[in-house]
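> My questions concern the predicted model and sequence given below.
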Amino acid sequence: MSITVTIEPLNNSYCEQIINLILPIQQIEFNVPVTLADQPDLLDIEANYLQGGGAFLGAKYGDELVGTIALINTGHQACALRKMFVKKEFRGKEHGIAQLLLDNLIQFCSANDITDIYLGTVSMLKAAHRFYEKNGFSKISADALPPYFPRMKADDVFYHFHI
C-alpha cells in the first residue's frame, strides 16, 4: 500500500496529538516505564524545542499525526535527537516514514550549521537500533557523550552521527 505522507513543523497546537501518539507507544507497546510527568517537554514544544533553535517535525497522513522526530539544539554545532516515533500501522520500509522523518531532520541540521547528532534510546528497541545503524549512526558509550547532552532517565543506549 502506497500512502502519501507530509512532513511538517509542529508547535504547541499539536501537543495533545503528539502525546496521544507517543505515550501509548512508550507505555503500552514497549512497556517503557515513562509517564507524561517524566516528559514535561511534550506540554510545551515551543519552549523546549523551537525557541532554542531546534525543531519538532511531524509526519501526517491526511490530518492524522502518524510520526514524530525532534531535536534540541545543544549548541556546539550539535543536537540531541528526541521523540522519534512512528505509529505501528505506518512503520516499515514500505511506508518509509521513519526514513523521511530522519532525512528531514538531517536537512534541518545541515541548513542550521549543526554537524553532530547525538541520541539516547533504550536497549529493548532493537529495530530502532538497526534503523540508526543502517543510517550511519555509531553506537557510543555513555562516557563518550558530550557534557552538554541532555540525558533522559530511561536511556541506556547511545548513538552519534556526524554530518
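Now that the structure is in, tell me what you want to look at. Numbers count the residues shown, from 1 in each chain.
> and after the lengthiest helix in the chain, which helix or strand comes next?
Ranked by residue count and defined by DSSP state H, the top helix of the chain is helix 97-111. Using DSSP states H and E, the next helix or strand after helix 97-111 towards the C-terminus is strand 116-121.
> what packs against that next one?
Using 3 or more C-beta pairs under 8 Å, 6 or more residues apart in numbering; DSSP states H and E as the contact test, the elements touching strand 116-121 are strand 78-86, helix 97-111, helix 126-134, strand 157-162. C-betas here are computed from N, CA, C, even on glycine.
> winner for burial among those?
strand 78-86 (a mean of 23; mean count of other C-beta atoms under 10 Å).
> Which strands border it, and is each parallel or antiparallel?
strand 64-75 (antiparallel), strand 116-121 (parallel) (DSSP bridges).
> any idea of the angle the shortest one forms with helix 126-134?
Interaxial angle, strand 116-121 versus helix 126-134 (axes from the mean of the first three to the mean of the last three C-alpha atoms, to 10 degrees): 160 degrees.
> Now do strand 116-121 against strand 157-162, angle only.
Using the same axes, to 10 degrees: strand 116-121 against strand 157-162 is 160 degrees.
> what angle separates the worst-scoring helix or strand of the chain on mean pLDDT from helix 97-111?
Confidence across the helices and strands of the chain bottoms out at helix 126-134, with a mean of 95, counting by mean pLDDT, DSSP states H and E. Relative orientation of helix 126-134 and helix 97-111, computed by the same axes, to 10 degrees: 40 degrees.
> how far does the next helix or strand along the chain from helix 126-134 sit from the chain's center?
Under the assignment DSSP H and E, the closest C-terminal helix or strand after helix 126-134 is strand 138-140. Distance of strand 138-140 from the chain centroid (C-alpha atoms, centre = their mean, to the nearest Å) equals 17 Å.
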